[in-house]
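> What would the 3D arrangement of this be:
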Amino acid sequence: PWDIHGAANAGLSTIWINRSGRDYPAHFSPPTLTVSGIAEITTHL
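Numbers count the residues shown, from 1 in each chain. This is a model prediction of the structure:
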């Protein structure tokens, strides 16, 4: 989450690959998009 937090604070779009299915930590800036696997990213490009 640190890399997503930093990128989001810099104004970049972010994607979190949530393979574990756990909730994203609330104390970080949220990702623009959350996917369950890397192959799913292509459907959002």
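> Do a quick rundown of the helices in the protein.
All helices of the chain, identified by DSSP state H, fall at 2-9.
> Sketch out the low-pLDDT regions of it for me.
For the chain, no stretch has pLDDT under 70.
> just the strands in it please.
Chain-ordered strands for the chain, with DSSP state E as the definition, fall at 15-17, 33-35.
> list the buried ones in the last one?
Right, strand 33-35. residue 35 (16 or more other CB atoms under 10 Å). (Each C-beta comes from the backbone N, C-alpha and C, glycine too.)
> again with stretch 35-43
residue 35.
> what's it in contact with?
For stretch 35-43, contacts defined as CB atoms under 8 Å, 6 or more residues apart in numbering pick out 15-19, 21, 44.
> could I get the strands of the chain as CSV with distance to residue 6?
Output for the strands of the chain, formatted as CSV (distance: least, CB to CB, whole Å):
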stretch, distance to residue 6
strand 15-17, 13
strand 33-35, 17
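> for the most centrally placed residue in the chain, what are its contacts?
Residue closest to the average C-alpha location in the chain (CA atoms, centre = their mean): residue 16, at 2.2 Å. By CB under 8 Å, 6+ apart, the contact set of residue 16 is 1, 4, 24, 31, 33-35.
> Please apply the same query to residue 28.
Residue 28 neighbours (CB under 8 Å, 6+ apart): 1-2, 4-5.
> Narrow these to just the buried residues.
Neighbour counting over the contacts of residue 28 (16+ other CB under 10 Å) leaves 4-5 as the buried ones.
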